[in-house]
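K.L.:
model the structure of this input:
(3 chains)
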Amino acid sequence: MEKDINNSKDNYELISEKRTKRRTMYKTIDTIMRGLFKLSGLISALMIVLIILFVTIKGLTVFLPSYENPVDLGNFLTGMRWRADQQDYGVLFIIINTILSSFLAALIAFPLAVLSALMITKIAPKRLSGVLTTIVELLAAVPSVVYGVFASGVITSLVDNIASFFNYTTFGGNSMLAVVLLLAIMIYPTITSMAVVAINAVPESHELGSLALGASRTQTNFKVVLSSAKSGIFAGLILGLGRAYGEATAVSMVAGNAFVGPTWNPFGITRTLTSTMLSGMHETAGVDYDIRFSVGIILMIVILINNFLVNYIKRRIESGE
Amino acid sequence: MTRRRIINDKIKEALTWLSSGISAFVLIAIVVFIFSRGWETLNWDLLTTGYNSENLMADFVHVDMNEFSEFEKPSNLKDDAVFSSKYGIAFVDGIDANKETYTKVVYLDESSPLQDGKITTAGPRQGEQLALHEGLYLQKISYLDEAGDKKSAGQMSPEGKEASELVAILDNQSVEIVDFYAQTEGGGLRGSIITTLILIGITLVIALPLGIFAAIYLNELAPKNKLTSAIRSSIELLSGVPSIIFGLMGMTMLFPITQLFGIDGQSITLGAMTLAVILLPVIIRQTEEALINVPNGMRMASLSLGATEFQTIYKVVVPNALPGILTATLLSISRIIGESAALIFTVGTAITDNPAWNAKGTSLAVHIYTVMGGEQPNFELASAISIVILTIVLILNVSVKVITYYMTKEKDEPAKA
Amino acid sequence: MSENNNTQFETAFEVRDLDLYYDTFQALKKINMDIPLNQVTAFIGPSGCGKSTFIRCFNRMNDLIEDCRIEGEIFHHGVEIHDKSVDVVQLRTEVGMVFQQPNPFSMSVYDNVAYGLRCQGVKDKNILDEVVETSLKQAAIWDEVKDHLNRNAMKLSGGQQQRLCIARAISLKPEVILMDEPTSALDPIATTKIEDLITELKKTYTIIIVTHSMSQAARISDRTAFFLLGEVIEYDETDVIFHNPADSRTEDYVTGKFG
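P.N.:
Predicted coordinates:
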């Protein structure tokens, strides 16, 4: 192994010709792989466009005159009855049901989530805060269908008991209230974890400033920390609401699928956009199959408008300061 | 501080404790409910047997019963079991979910003559040895009486529908057992477990390269321009789409692709492709986070040594980002196991015992949906499957935490000068 | 190709009217400079004067920075390095670089040194073994690591890591080694070792070094350029720069009036 440097340099020169050839090959591989990476990025980005495109096109076909039994678009958008057996597809009450139950769920979950986030970030001792974070993460990781089992086993009987206390009868507990409670549980971890991130991003100087002015810890938390973190907390609310509108499996297990609506009675059965899409999964063709895509368009529009509105409100609140 | 202010503070603080308490309570309630309803049902057989029960017929070669002395009744037999001292077997009566009576074997002595049956049912198991073992549901058993006539007893015969009656016939009238017809216990999860595994496999094969490549493009190659930020926000948007919409997408957009493989209708492959799209944002985000953490000095060093950009990515950047990619994979598996809505549309809700990549099936999560959807929701089975799912999801999430912990620990270690 | 008649030495690089912009900010202004072959050239100047930016021009590492625009020419043996015919990957094998922070790869010592060759497609174990050994010897780190060639390079001390990075750079037998403040992250003992090493290496290689420490430049370099706000104020033999500078700003800087 003890060769001098010059010798090894000669040795090294020998492979130089091969090196040029190899380098050309490596350059080609480099170009191909860069292309592949870029293609993957573009495909991933295109997905959202393709999804909207395909679902929309398929969802619109049932309204076209060329369709075998075209559905009346006006009736679809304004109808208050959904009777697939009578070819009566009115989606308006379903939209109202979906928005109503999601809003009520957010009304319950939002304060709980924000307070829990405050607890995790500012109030709880380190250990407890770790435990609470784990609880929130676990709640977020529980699959929708397991929530569904829990809801049809526990929430429905809870609702049934509440209803009988008020002298109401329910369809085995399947009701709007059950949907609301279920959704509240399901969106709670989403809002909480976003709120935790937002609160953690508040610079400490804000807090110190407030404390220095003689505010108590709690006052500082509620007045300064929460208001500095509010745009992030609102982002969590958007995400939570989006999840509530789109939640399918669990909701369909306790909604009860009412034929008419909107449902105002919390103990009455309801029907949401997602439970409609999941009901009667036996068809593989025909109007009942295709109309799901139309409901899918409505769901996407509802989520879009929601995001837009909440963003708008958020901006109003921020500029109001 | 004024008293009012103190009270005000205390109330607010109490509210934060209360709301955290509620979340803990809900989690405990879910776990307690699932375990209390499902724990009894959950056992190894449930995980390893098929959903549809198997029909088995077996006959016995001539056995001389004089060789056997009386069998002793085992002491640990339950009270409702009826024991045949002649054949060393015990049965119980019961009523199944479909409200029909059954006779189930609960004990078979090791040296019983009923150990040596041979399967006569056509199929791959024909000729295999089969004992009238524990867990089988006896439909019919044929015996020779003292006159040498072949007679039968059991659920499908006029006699011996009850365990006590059956045992009385066997002990007092039979000389020799000729054959039996029994069914295995159905309702098992084997098919759905295999379906879930196939789904995980195909999904990861599609989603991991696509997601990792896209993340590499965004973090390593993409210029900082409008197109790149458009790509980013499109992928971000994808993570806000509800899974049921992905299901619809699978039905219209991806279905024609599976048709190219000659698949007609819903299939595991269609479900896997749909899941791959769902997972893209998760994988891209996790991988990118890992790529960002690779020190830039390493890239510079590699390039300054005359490596091409691909060589740099392949030899230096990706190996350093592997823990992050592993995290992405574990999170993806967790998501696949929990996903239901998109799969209901794309893989179907029919439980199968023989899953194949080009056929319908149910993942464990959809299995729950199916057994909850009937006239009589089967809470016990649904909860048992929920225990399985929750356990796997818990393990995966803990693993992710552990990996992340070690990753950050390594980074925080001060560099020795 | 040289149009500068004042050149009394063989050149490794000839820089002509080089301007460099980050977006709209001009980081280097009309730089003209001949870098001598097989000598040590040092760039000094206060932070943000453009010396680090300039050294990265020689192996075109500035290509990696977006919004970075270069005008002017750099000739390397008569070839303009920004020319389309120049393969930047090839250029970087001829012009090695050592960075401010030691940046070994998270792999074994052996793999670190063999990395460059393997990227060229060299698979022959004998050649790799030999090059790893000679490179580590030349970088004066062989004795410290010869028994742990399979150890992860991240486990070495900072000074060892930096010498490993030098070994890695010379494994490709480059003609030029660029060093961007190679000792700024090291303690004094490790710094001394690196400086000794540089003095040793200049017999075989052309070295361009950016340094923050004027004493270092005085100790190890043959020629020194003083940078200020993106301009070369003065470029001459090191002795002249430190003892008899032509420009008063150079004098102020080397005598420590500002820094």
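K.L.:
for the residue in the stretch 51-200 of chain A positioned nearest to chain B, what are its contacts?
P.N.:
Minimum separation of the stretch 51-200 of chain A from chain B (C-beta to the nearest C-beta) falls at residue A:143, amounting to 2.9 Å. Where you see a C-beta, it was placed from the backbone N, CA and C, and this is true even at glycine. Shown here is residue A:143, whose contacts under the criterion C-beta atoms under 8 Å, 6 or more residues apart in numbering or on different chains are B:337, B:338, B:339, B:340, B:365, B:389, B:393.
K.L.:
domains in chain B, as residue ranges please.
P.N.:
The record's domain parsing of chain B by automatic domain parsing lists B:53-183, B:190-412.
K.L.:
select, out of those domains, the one closest to chain C.
P.N.:
Among the domains of chain B, if distance is taken as C-beta to the nearest C-beta, the winner is domain B:190-412, at 3.3 Å.
K.L.:
now the closest one: mean pLDDT?
P.N.:
Model confidence over domain B:190-412, given as mean pLDDT, is 90.
K.L.:
now stretch A:73-82
P.N.:
For stretch A:73-82, the mean pLDDT works out to 87.
K.L.:
for residue 178, what are its contacts?
P.N.:
Went with chain A since none was named. Taking C-beta under 8 Å, 6+ apart as the definition of contact, the neighbours of residue A:178 are A:151, A:155, A:156, A:159, A:254, A:255.
K.L.:
hm, I was asking about chain C
P.N.:
Taking C-beta under 8 Å, 6+ apart as the contact definition, residue C:178 lies against C:55, C:56, C:58, C:59, C:95, C:96, C:97, C:98, C:208, C:209.
K.L.:
what about residue B:124, neighbour count?
P.N.:
Counted with other C-beta atoms under 10 Å in any protein chain shown, the burial measure for residue B:124 works out to 7 neighbours.
K.L.:
closest point of the stretch 201-321 of chain A to chain B, which residue?
P.N.:
Per C-beta to the nearest C-beta, residue A:246 is where the stretch 201-321 of chain A lies closest to chain B, at 2.3 Å.
K.L.:
check whether whichever helix or strand residue B:285 is part of comes into contact with chain A.
P.N.:
In this structure, residue B:285 sits in helix B:268-292 according to DSSP states H and E. Yes: applying C-beta under 8 Å from any C-beta of the partner chain, one finds helix B:268-292 in contact with chain A at B:277, B:280, B:284.
K.L.:
likewise for stretch B:389-404?
P.N.:
Yes: if you take C-beta under 8 Å from any C-beta as the test, stretch B:389-404 does meet chain A, through B:389, B:390, B:393, B:394, B:397.
K.L.:
chain B: strands as residue ranges?
P.N.:
For chain B, the strands defined by DSSP state E occupy B:55-59, B:82-84, B:89-95, B:101-108, B:117-119, B:129-130, B:137-145, B:150-153, B:174-183.
K.L.:
okay, now the sheet partners of the last one, with direction.
P.N.:
Next to strand B:174-183 in the sheet, as set by DSSP bridges, lie strand B:55-59 (antiparallel), strand B:137-145 (antiparallel).
K.L.:
just give me the closest of the residues of helix B:268-292 next to chain A to residue A:32.
P.N.:
For residue A:32, the nearest member of the residues of helix B:268-292 next to chain A is residue B:284. The distance, counting by C-beta to C-beta, is 21.2 Å.
K.L.:
where does chain A get nearest to chain C, residue-wise?
P.N.:
Across chain A, no residue is closer to chain C than residue A:22, which sits at 3.6 Å (C-beta to the nearest C-beta).
K.L.:
tally up the residues packed near the closest residue in space to that residue that isn't next to it in sequence, please.
P.N.:
Residue nearest to residue A:22 in three dimensions, not counting chain neighbours: residue C:121, with 3.6 Å by C-beta to C-beta, 6 or more residues apart in numbering or on different chains. The burial metric for residue C:121, expressed as a neighbour count using other C-beta under 10 Å, is 14.
K.L.:
ok, so of the residues of helix B:268-292 next to chain A, who is nearest residue B:159?
P.N.:
With C-beta to C-beta as the yardstick, the closest approach to residue B:159 among these comes from residue B:277, at 60.1 Å.
K.L.:
so the closest one is in contact with residue B:249, correct?
P.N.:
Yes: contact criterion C-beta atoms under 8 Å: residue B:277 and residue B:249 qualify, at 6.9 Å.
K.L.:
the more surrounded of those two?
P.N.:
Using other C-beta under 10 Å as the criterion, residue B:277 and residue B:249 rank with residue B:249 on top: 30 against 26.
K.L.:
which residue packs closest to that one, ignoring adjacent ones?
P.N.:
Counting by C-beta to C-beta, 6+ apart, residue A:51 is the residue found nearest to residue B:249 once chain neighbours are left out, at 4.6 Å.
K.L.:
so the one you found touches residue B:251, yeah?
P.N.:
No: because the distance of 11.5 Å does not satisfy C-beta under 8 Å, residue A:51 is recorded as not touching residue B:251.
K.L.:
list the residues that contact the residue nearest to the spatial centre of chain B.
P.N.:
With distances taken as C-alpha atoms, centre = their mean, the residue of chain B nearest its centroid is residue B:193 (3.7 Å). Residue B:193 makes contacts with B:47, B:364, as judged by C-beta under 8 Å, 6+ apart.
K.L.:
in contact with residue A:246, which residues?
P.N.:
By C-beta under 8 Å, 6+ apart, the contact set of residue A:246 is A:274, A:299, A:303, B:241, B:242, B:243, B:244, B:245.
K.L.:
average pLDDT across the helix or strand the residue of chain A closest to chain C falls within?
P.N.:
Element membership for residue A:22, per DSSP H and E: helix A:16-60. Per-residue pLDDT values over helix A:16-60 give a mean of 89.
K.L.:
which phi and psi values does the residue nearest to residue C:246 when sequence neighbours are not counted adopt?
P.N.:
Sequence neighbours aside, residue C:234 is the residue nearest to residue C:246 in space, at 5.9 Å (criterion: C-beta to C-beta, 6+ apart). Phi and psi for residue C:234, reported as degrees, to the nearest 10, are phi -150, psi 140.
K.L.:
contacting residues for residue 67?
P.N.:
The chain I'm using is chain A. So, once contact is read as C-beta under 8 Å, 6+ apart, residue A:67 ends up touching residue A:61.
K.L.:
nope, chain C please
P.N.:
So, once contact is read as C-beta under 8 Å, 6+ apart, residue C:67 ends up touching C:22, C:23.
K.L.:
quick one, the helix holding residue B:285 and helix A:16-60 angle?
P.N.:
130 degrees (axes from the mean of the first three to the mean of the last three C-alpha atoms, to 10 degrees).
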